[in-house]
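Engineer: 3D, please:
(chains A, B, C and D)
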4 protein chains.
Amino acid sequence: MKALFLSCTLKSSPAPSNTEALAKVLADQLAKEGIESETIRLVDLNIKPGVKSDEGKGDEWPKVRKKIVAADILVIATPTWLGQHSSVCQRAFERMDAMLGETQADGRPIAFDKVAGVVVTGNEDGAHHIVACVSQMLIDIGFTVPGSSWTYWHLGPGPGPDYRDDAKGHDWSDRTGRNAARNLAALAKALKANPLPQQESSE
Amino acid sequence: MKALFLSCTLKSSPAPSNTEALAKVLADQLAKEGIESETIRLVDLNIKPGVKSDEGKGDEWPKVRKKIVAADILVIATPTWLGQHSSVCQRAFERMDAMLGETQADGRPIAFDKVAGVVVTGNEDGAHHIVACVSQMLIDIGFTVPGSSWTYWHLGPGPGPDYRDDAKGHDWSDRTGRNAARNLAALAKALKANPLPQQESSE
Amino acid sequence: MKALFLSCTLKSSPAPSNTEALAKVLADQLAKEGIESETIRLVDLNIKPGVKSDEGKGDEWPKVRKKIVAADILVIATPTWLGQHSSVCQRAFERMDAMLGETQADGRPIAFDKVAGVVVTGNEDGAHHIVACVSQMLIDIGFTVPGSSWTYWHLGPGPGPDYRDDAKGHDWSDRTGRNAARNLAALAKALKANPLPQQESSE
Amino acid sequence: MKALFLSCTLKSSPAPSNTEALAKVLADQLAKEGIESETIRLVDLNIKPGVKSDEGKGDEWPKVRKKIVAADILVIATPTWLGQHSSVCQRAFERMDAMLGETQADGRPIAFDKVAGVVVTGNEDGAHHIVACVSQMLIDIGFTVPGSSWTYWHLGPGPGPDYRDDAKGHDWSDRTGRNAARNLAALAKALKANPLPQQESSE
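Structural biologist: Here you go, the predicted model:
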């Protein structure tokens, strides 16, 4: 079993990311469950605009896509800007839009039997909305989302510090993140043992 | 295995509901999968405002709650008004808010191992947003949401006819609904065989 | 000039409302601008389900509607439940849906030249999303929404105290609320002097 | 008076954009109101990730920002992908996030007295949600949003044709767009005559 974290921070490496700091709590818990994780910081790559799986010369999405296809668990980790998931996160979903038409060898949607969760940090309110939008996109594509599969951190109200700047609330966010990791691991195993069924197609 | 449909139409019985008409497509498919369904039209009941499991004299939520607890599959069926899920739908979730603190005999959240899906109809655009909001609330409470677990119907752009008035697009909405039912049935079985784990609590 | 506050708390009078406590900051500022405010706690009234301006015997919406029509400024004040605006708030908008087809004496939409703002409190994250949904519904109906026309309060992350329980962050929420009131007052005057134009209809 | 359209299509020039085709309806109406429009297709430019007004070498945002500051009317035109506004649109807002701290010569927020609207096209449902998110971000930054200030086009349910492929519904979308342009023009004039007030700051 493998987990892939898509880090959707706006900051290029090696700048430290608050979102990745909270995402690491889930990766550490997954490791305890015997599941190895890899994190890709998408802003470091050339992910071309578009909605195809390969947008041609220089496009680095195909290698990200290959890792999504190989993973059992996908975690979307995004900062909050003006109450929304980042442009880097939305770009990844636009490229995953192509998966709506892609199938596995047995004809089922390519994302079936994969599970997914969400990690959100911010310097302000917006997390529930982002969990809603990101979960909806994941479910559209065919990922299964377990109960209690996300965590977030920000202090309110109004603009405030970032996750790495203030320890307040870390206990709640980290514990909620560890529980999300436990649920992702368990559901990935449940779906491996009992896959989703064939779908009725339009023909 | 039992499925419960919460119909969130604004129209009291016996007025026909467009949302229930599309929801019936899922119930019929669940029947083919050997799963019996019951539909509750919430607007016919006195569901008191509040966030407790019992809001006292005359409150009819406790009997709805009992059926949610007994069900393996929950389907939220709601109309679209001004782009949002109905007040009747939101009222049900406010009452389910109490489930955030309720546990099963083994200490796990009361909604764990239950799966849920969404049906949306409208005379205008708004379905993806409603799927997002409703799925987020379901996941918050502990329900697991399978990939491709919803369907919707409306014609666009601008205000148009209702589901029962126009057959256009029914093929897509109904097929998507049957697939949602297949996925709900399969995931409910998967979770019965492989339940979600114990959660780390704050103490 | 008159302002109307629709309080969408789930708690019946005389229970104190956190949402009304923050809304009062705007009403007090409006008073300083020479604008009188009235607050209606909707949960105390029998607002029947439906999307017409009068849903018949016992329906108390018509008297609310009359006050909306008479007001220059409308403020929607709602609590946050599971990241969403309350069922009481959504019920009010379902009833305002009828205004989409109602016109003033000069044929313009009934809500034209009225301005509107939003106040959100909660024990958790969700305010930006609620501002988005409520503002969208207001704009749909024809209300004009000034820049910086809302305020909110909650502490994060995870469930926490209510506005009346903890003074932390009040300075930001209250000041932001006073600025919202200033902007609502100024824009109401601007629109009184320069109304929105006639609309092209489908005929 | 000047209007600026930010085209947030994912397609580079000279590929025709459905979103720009619908946006042009508003620009044509603004021309009839005596207001000149300019459209910038953002995907053709190097808009660097970040939340500052200038992200350094090669960043082409500063010249876009300059035109936003010079405009009286801003129209955000975006396609719909998986029910959300495009990554190109979100990128623009992340860069406008810096405007939250920028002021005019008189100390008021830099976006005050500007008005804004939204145009959405798609091959599927999602427009109301996008209007909600985009309007919320605009209002956060300080833009004023008139009643009935948006239009959209898509056919439903499920994936369908694009705006330029099918004339069905154009009458509604185009007329709604012309009305939005009328309201934007009128409100821009109203705010020019009666500007928003000074804001109370934290000091």
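Engineer: Quick one: classify residue A:155 as helix, strand or coil.
Structural biologist: Following DSSP: H, G, I helix; E, B strand; the rest coil, we place residue A:155 in the coil state.
Engineer: ok, it to residue B:96 distance?
Structural biologist: Distance, residue A:155 to residue B:96, by Cβ to Cβ, to the nearest Å: 27 Å. (Glycine included, C-beta is placed from N, CA and C.)
Engineer: between these two, who's got more neighbours?
Structural biologist: residue B:96 (28 against 23; other Cβ atoms under 10 Å in any protein chain shown).
Engineer: isn't that one right up against residue B:141?
Structural biologist: Yes. Contact criterion Cβ atoms under 8 Å: residue B:96 and residue B:141 qualify, at 5.6 Å.
Engineer: partner residues bridging the residue nearest the centre of chain A?
Structural biologist: Central residue of chain A (Cα atoms, centre = their mean): residue A:76, 1.6 Å from the mean position. Following DSSP bridges, residue A:76 is listed with bridge partners residue A:6, residue A:118.
Engineer: so who does it touch?
Structural biologist: Listed by Cβ atoms under 8 Å, 6 or more residues apart in numbering or on different chains, the contact set of residue A:76 reads A:6, A:8, A:85, A:89, A:92, A:116-119, A:134, A:138.
Engineer: State the distance from it to residue C:2.
Structural biologist: Relative to residue C:2, and taking Cβ to Cβ, residue A:76 is found at 46 Å.
Engineer: and what of residue A:67?
Structural biologist: 60 Å.
Engineer: Over to residue A:81?
Structural biologist: Distance, residue A:81 to residue C:2, by Cβ to Cβ: 37 Å.
Engineer: between those two, who's got more neighbours?
Structural biologist: Comparing residue A:81 with residue C:2 by other Cβ under 10 Å, the one with more neighbours is residue A:81, at 25 against 14.
Engineer: unless I'm mixing things up, residue A:139 is touching residue B:148, no?
Structural biologist: Yes. Using Cβ under 8 Å, residue A:139 is in contact with residue B:148, at 7.1 Å.
Engineer: can you give me the mean pLDDT across the helix ranked longest in chain A?
Structural biologist: The longest helix of chain A (DSSP state H) is helix A:170-193. Averaged across helix A:170-193, pLDDT comes to 98.
Engineer: C-alpha coordinates for that helix, PDB please?
Structural biologist: Backbone C-alpha positions of helix A:170-193 (Å, rounded to 0.1, in the frame of the first residue of the first chain) are rendered in PDB as follows:
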ATOM      1  CA  HIS A 170      -1.900  21.800  17.200                       C
ATOM      2  CA  ASP A 171      -3.200  19.200  19.700                       C
ATOM      3  CA  TRP A 172      -6.600  19.200  18.000                       C
ATOM      4  CA  SER A 173      -5.400  19.500  14.400                       C
ATOM      5  CA  ASP A 174      -2.700  16.800  14.900                       C
ATOM      6  CA  ARG A 175      -4.900  14.300  16.600                       C
ATOM      7  CA  THR A 176      -7.700  14.900  14.000                       C
ATOM      8  CA  GLY A 177      -5.000  14.300  11.400                       C
ATOM      9  CA  ARG A 178      -3.800  11.100  12.900                       C
ATOM     10  CA  ASN A 179      -7.400   9.800  13.000                       C
ATOM     11  CA  ALA A 180      -7.800  10.800   9.400                       C
ATOM     12  CA  ALA A 181      -4.700   8.700   8.500                       C
ATOM     13  CA  ARG A 182      -6.100   5.700  10.500                       C
ATOM     14  CA  ASN A 183      -9.400   5.900   8.600                       C
ATOM     15  CA  LEU A 184      -7.700   6.300   5.200                       C
ATOM     16  CA  ALA A 185      -5.500   3.200   5.900                       C
ATOM     17  CA  ALA A 186      -8.400   1.100   7.100                       C
ATOM     18  CA  LEU A 187     -10.700   2.100   4.100                       C
ATOM     19  CA  ALA A 188      -7.900   1.500   1.600                       C
ATOM     20  CA  LYS A 189      -7.600  -2.100   3.000                       C
ATOM     21  CA  ALA A 190     -11.400  -2.500   3.000                       C
ATOM     22  CA  LEU A 191     -11.600  -1.500  -0.700                       C
ATOM     23  CA  LYS A 192      -8.700  -3.700  -1.600                       C
ATOM     24  CA  ALA A 193     -10.600  -6.700  -0.200                       C
END
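Engineer: what's it packed up against?
Structural biologist: Under the contact definition 3 or more Cβ pairs under 8 Å, 6 or more residues apart in numbering or on different chains; DSSP states H and E, helix A:170-193 sits against helix A:18-32, strand A:73-81, strand A:115-121, strand A:150-153, helix B:170-193.
Engineer: Including distance to residue D:110, could the ones you listed go into a markdown table?
Structural biologist: Listed next are these as a markdown table, based on distance: least, Cβ to Cβ, whole Å:
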| stretch | distance to residue D:110 |
| --- | --- |
| helix A:18-32 | 27 |
| strand A:73-81 | 18 |
| strand A:115-121 | 27 |
| strand A:150-153 | 30 |
| helix B:170-193 | 45 |
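Engineer: Those: which one's closest to residue A:194?
Structural biologist: Taking Cβ to Cβ, helix B:170-193 is the member of those nearest to residue A:194, at 3.5 Å.
Engineer: coming back round to it: list just the nearest of the contacts of residue A:76 to residue C:185.
Structural biologist: Nearest to residue C:185 among the contacts of residue A:76, counting by Cβ to Cβ, is residue A:85 at 34.5 Å.
Engineer: What's the separation between the closest one and residue A:176?
Structural biologist: To residue A:176, residue A:85 is 18 Å away according to Cβ to Cβ.
Engineer: So which of these two has more stuff around it?
Structural biologist: Neighbour comparison, residue A:85 and residue A:176: the larger count goes to residue A:85, with 28 against 22 (by other Cβ under 10 Å).
Engineer: quick one: that one and residue A:132 touch, right?
Structural biologist: No. Residue A:85 is beyond contact range of residue A:132, at 10.1 Å (criterion: Cβ under 8 Å).
Engineer: one step back: overlap in contacts of residue B:96 and residue B:141?
Structural biologist: Both residue B:96 and residue B:141 are in contact with residue C:82, where contact means Cβ under 8 Å, 6+ apart.
Engineer: what's residue A:38 in contact with, if anything?
Structural biologist: Residue A:38 sits in contact with A:2-5, A:67, where contact means Cβ under 8 Å, 6+ apart.
Engineer: how long is stretch A:25-45 from one end to the other?
Structural biologist: The first residue of stretch A:25-45 is 24 Å away from its last residue (Cα to Cα, to the nearest Å).
Engineer: what stretches of chain A score poorly on pLDDT?
Structural biologist: Low-confidence segments of chain A (pLDDT under 70): A:203.
Engineer: between the helix or strand residue A:4 falls within and strand A:115-121, how many degrees?
Structural biologist: Using DSSP states H and E, residue A:4 sits in strand A:2-7. Using axes from the mean of the first three to the mean of the last three Cα atoms, to 10 degrees, the inter-axis angle of strand A:2-7 relative to strand A:115-121 is 30 degrees.
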